[in-house]
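Trainee: Structure here, sequence nowhere to be found:
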């Protein structure tokens with residue numbers, strides 16, 4: 001059942017939780033500022049709260065009716081199921097996926113294992129225990145590869161490896177972050193992303209970074225990454241959206257999110273990951289897809305906030 005809220009008073013007092021202690025703090029602060037401004041412009045009684053401890057204190061004191069979660073990442077970010085569990089225990093409604101969907105999506109290893117079990121295409125990978133022989137794994141998978149922390153977002157700690165000599169540095173960088181490490185076969189082709197809003201699939205975006213790798217710098221700093229929206233046409237776009245929806249629901253996600261996909265040189269799609277709290281910065285992809293679909297930032301944030309009413313958008 002769709003929720004259509006016309007009166008901002010229906011939301012009550014809204015906490016926009018942003019910032020936090022994860023490696024994606026600065027991105028979250030930027031996203032949160034945009035969300036807060038958009039909600040206020042639509043008359044929502046919204047306030048910024050920095051991080052989970054401050055939010056929980058405010059909620060226990062009865063200061064807020066619901067939460068717009070725009071924290072990114074894990075370990076102090078609100079994207080790994082920890083915040084969702086706390087909010088469930090306090091019976092406070094919030095935006096986005098629940099405990100299971102958030103936890104599965106944050107963990108790229110478990111995401112891929114779920115997809116593999118369902119026959120959904122995702123690049124071949126190996127878990128890399130700390131101290132393990134990365135050269136043996138590289139020999140098994142074959143170059144080029146991606147080495148990454150399994151539970152970080154925004155391409156934090158990710159390396160694209162084209163030469164064996166680059167492996168040790170890639171592993172050392174990934175090992176700077178919490179959680180397991182993984183090595184994944186690099187799919188060479190077109191990088192695409194599909195945004196989801198309730199049960200609505202927004203137009204895909206084709207991403208073409210100038211340097212060839214859509215890393216943190218290309219995502220948030222430089223201005224030379226090129227985007228095309230929609231990224232595909234006709235049957236190919238329909239197939240991409242269908243696969244993205246299946247991947248999203250396979251991880252028990254709902255509300256809103258974004259699915260990242262590669263399309264190889266022969267046109268095969270490969271699932272990379274799901275983002276349950278996508279960025280809302282000036283460089284972010286979901287707001288751009290919404291804009292192409294005829295939705296401004298204020299309307300987009302309003303609709304995301306509607307997802308806090310379980311029953312969906």
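Mentor: Done, it's in. Predicted model only: the values in this text are computed from it and were never measured. Residues are numbered from 1 along each chain as shown.
Trainee: Can you give me the distance of the residue most central in space within the chain to residue 128?
Mentor: Compute the mean C-alpha point of the chain, and by CA atoms, centre = their mean the closest residue is residue 275, 1.8 Å away. Going from residue 275 to residue 128 by CB to CB, to the nearest Å gives 22 Å. In this view, the C-beta of every residue, glycine as well, is placed from N, C-alpha and C.
Trainee: What segments of the stretch 201-313 of the chain are helices?
Mentor: 216-220, 234-250, 285-292, 297-306 (DSSP state H, counting those that start in this stretch).
Trainee: With respect to residue 97, which of those helices lies nearest?
Mentor: When those are compared by CB to CB, helix 234-250 sits nearest residue 97, at 9.1 Å.
Trainee: residues making contact with that closest one?
Mentor: 114-115, 118, 120-121, 192, 194, 196, 201, 203-204, 230-232, 257, 259, 261, 263, 267, 269, 271, 274 (CB atoms under 8 Å, 6 or more residues apart in numbering).
Trainee: Mind listing what's buried along that helix?
Mentor: Under the neighbour-count criterion of 16 or more other CB atoms under 10 Å, helix 234-250 has 236, 237, 240, 241, 243, 244, 245, 247, 248, 250 buried.
Trainee: do stretch 17-36 as well
Mentor: So, applying 16+ other CB under 10 Å, buried residues of stretch 17-36: 17-25, 27-36.
Trainee: who touches that stretch?
Mentor: 16, 46-52, 55, 67-79, 83, 152-154, 156-157, 177, 220, 279-282, 284, 287, 297, 301.
Trainee: What are the phi and psi values at residue 27?
Mentor: phi -60, psi -40 (degrees, to the nearest 10).
Trainee: I should have written residue 98 there, sorry.
Mentor: phi -90, psi -160.
Trainee: Tally up the residues packed near it, please.
Mentor: When neighbours are defined as other CB atoms under 10 Å, residue 98 has 19 of them.
Trainee: outside of the host helix or strand of residue 184, which residues touch it?
Mentor: Using DSSP states H and E, residue 184 falls within strand 181-185. The contact list for strand 181-185, computed with CB under 8 Å, 6+ apart, reads 108-109, 123-130, 134, 137-138, 141-142, 145-150, 171, 174-175.
Trainee: Give the other helices and strands that the helix or strand just after it contacts.
Mentor: Moving toward the C-terminus from strand 181-185, the next helix or strand (DSSP H and E) is strand 189-197. Contact analysis of strand 189-197 by 3 or more CB pairs under 8 Å, 6 or more residues apart in numbering; DSSP states H and E lists strand 205-208, helix 234-250, strand 256-264, helix 285-292, helix 297-306 as its packing neighbours.
Trainee: for the ones you listed, which one sits closest to residue 93?
Mentor: helix 297-306 (9.9 Å).
Trainee: ends of stretch 78-93, how far apart?
Mentor: End-to-end distance for stretch 78-93: 14 Å, by CA to CA, to the nearest Å.
Trainee: Please pick the buried ones from the contacts of helix 234-250.
Mentor: Buried, going by 16+ other CB under 10 Å: 114-115, 120-121, 192, 194, 196, 201, 203-204, 230-232, 257, 259, 261, 263, 269, 271, 274, out of the contacts of helix 234-250.
Trainee: Where does residue 148 sit: helix, strand or coil?
Mentor: Taken by DSSP: H, G, I helix; E, B strand; the rest coil, the conformation at residue 148 corresponds to strand.
Trainee: The residue nearest to residue 90 when sequence neighbours are not counted: how many residues sit nearby?
Mentor: Distance criterion CB to CB, 6 or more residues apart in numbering; nearest residue to residue 90, sequence neighbours excluded, is residue 59 at 5.6 Å. Counted with other CB under 10 Å, the neighbours of residue 59 add up to 21.
Trainee: Residue 280 versus residue 59, what's the distance?
Mentor: 22 Å.
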